[in-house]
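> whatever this is, show me its structure:
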Amino acid sequence: MRPSAKSSVRAPHESGPANSLRVSVARIYRALRVNSDWSITPSQGSALARIEQCEPVRLGVLAQLEGVSAASMSRIVESLEAQGIVVRIPDPLDGRVSMVKISATGMELISAYRAASTRAIETALSTLSRDEQSSLHEALPILEKLSQILQVGASKHQH
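Take a look at the predicted model:
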């Protein structure tokens, strides 16, 4: 049988190592979310991780860092606040402005998610051969460097 034109013609960005890596990372991320007890959306999770990294942080700065509108970030933070995951505190430099930080409940949620994710990855790694585990271990510094390059690139495009 002859393959359809749609399946036989692919744009350059739909094949190759960059695409394979993108697909693998997305599948791993989805599997970790599905297999954890993470009760928040990906947008909330991303904002929560950023808050942890920068806390306390102003909403406007958080929106800018996440590349979303102030209104969208306000909705995300309101939802996290309603769940008791983050709290607002007054900005010491400007009492009219609030800042956001993670609550004790939020820290427990992050810790539990990270522990569950680590366990899931450890279980999956244990099914790999020693050579596969070694190859992956050797690739980790390269993956870390790639993540840093992508983060810097993303932040340059947001300004």
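> tell me the helix or strand right after the helix or strand bottoming out on mean pLDDT in the chain.
Within the chain, no helix or strand scores below helix 5-8, which has a mean of 50 by mean pLDDT, DSSP states H and E. Scanning forward in sequence from helix 5-8 by DSSP states H and E, the next helix or strand is helix 17-34.
> pull the longest strand from this protein.
In the chain, assigned by DSSP state E, the strand with the most residues is strand 94-102.
> list the buried residues of it.
Met99, Val100, Lys101, Ile102 (16 or more other C-beta atoms under 10 Å). Where C-beta positions appear, they are placed from N, C-alpha and C, glycine not excepted.
> quick one: strands adjacent to it?
Strand 94-102 sits in its sheet next to strand 57-58 (antiparallel), strand 86-91 (antiparallel), going by DSSP bridges.
> continuing past that strand, what's the next helix or strand?
Immediately after strand 94-102, counting by DSSP H and E, sits helix 104-126.
> touching that next one from outside, list them.
Helix 104-126 is contacted from outside by 31-32, 35-40, 48-49, 52, 80, 83-86, 102, 133, 136, using C-beta atoms under 8 Å, 6 or more residues apart in numbering.
> closest to Ala63 out of the buried residues of strand 94-102?
Val100 (10.8 Å; C-beta to C-beta).
> so what pairs up with that closest one in the strands?
Beta bridges link Val100 to Val57, Arg88 when assigned by DSSP bridges.
> what's the burial count for Ala120?
16 (other C-beta atoms under 10 Å).
> shaky segments in this structure?
Along the chain, the parts satisfying pLDDT under 70 run over 1-13, 154-159.
> ok so, going back, which one of the strands paired with strand 94-102 lies nearest to Glu14?
Closest to Glu14 of those, according to C-beta to C-beta: strand 57-58, at 37.3 Å.
> what is the distance between that closest one and the centre of its chain?
19 Å (C-alpha atoms, centre = their mean, to the nearest Å).
> so what touches that strand?
Outside of strand 57-58, the residues within contact range by C-beta under 8 Å, 6+ apart are Arg50, Ile51, Leu65, Asp91, Val97, Ser98, Met99, Val100, Lys101.
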